[in-house]
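*Asks:* Provided below are the primary sequence and the corresponding predicted coordinates.
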Amino acid sequence: AALAGGDPAVVAARFDPAALRTAGTEGHLPSLLAGLVERVDGAAEPTAPVSLKAQLAELAEPEGARLMLETVRGEVAAVLGHDSVTEIDVEAELMDLGFDSLTAVELRNRLNALTGLRLSSTLVFDYPTTQELAEYLHTELMP
């Protein structure tokens, strides 16, 4: 029914990888789930993500600043619900882009989690553009 419909649907489902593998080897696995079994069988051991601070430490100054800007730009786009970071002008005031007190706190929380810093709730007012915010965070994260 989902495949026949015109609109995609997101469904949360719990699968037993062993049961899927067994059904696949016996020929009872629907083709829709075949890719899932391949991903489970071919999945590598998960690795810990490299922290942003570690990534910045490995880069020269211009590349590190660029990474920080694109990271902040991506978080701004995500908080505002944009599909692409290209919609975020780095020189535009965050408030002009659509930030309010709630989205400012959401951005601060996302950046706290991403950077490991404890950032002020007035962050978007203290650093009113994506560029200024990225420069501040880059300075705070660099040794």
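*Replies:* Great, that's in hand. What you are looking at is a predicted structure, and each value in this text was computed from that prediction instead of being measured. Residues are numbered from 1 along each chain as shown.
*Asks:* mind saving the C-alpha coords of stretch 61-74 as CSV?
*Replies:* C-alpha atoms of stretch 61-74 as CSV (Å, rounded to 0.1, in the frame of the first residue of the first chain):
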residue,chain,number,x,y,z
GLU,A,61,43.7,28.5,10.2
PRO,A,62,41.7,29.2,7.0
GLU,A,63,40.3,25.7,6.7
GLY,A,64,39.4,25.6,10.4
ALA,A,65,37.6,28.9,10.1
ARG,A,66,35.8,27.7,7.0
LEU,A,67,34.7,24.4,8.8
MET,A,68,33.4,26.4,11.7
LEU,A,69,31.5,28.8,9.5
GLU,A,70,29.9,25.9,7.5
THR,A,71,29.1,24.1,10.8
VAL,A,72,27.4,27.1,12.3
ARG,A,73,25.6,27.8,9.0
GLY,A,74,24.3,24.3,8.9
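*Asks:* list the buried ones in that stretch?
*Replies:* Residues G64, A65, L67, M68, L69, T71, V72, R73, G74 are the ones in stretch 61-74 that count as buried (16 or more other Cβ atoms under 10 Å). No exception for glycine: its C-beta is placed from N, CA and C like everyone else's.
*Asks:* bridged to the closest residue to P128 other than its chain neighbours, which residues?
*Replies:* Closest residue to P128 apart from its sequence neighbours, by Cβ to Cβ, 6 or more residues apart in numbering: E93 at 5.1 Å. For E93, the beta-bridge partners under DSSP bridges are T129.
*Asks:* pull the number of nearby residues for E93.
*Replies:* 13 (other Cβ atoms under 10 Å).
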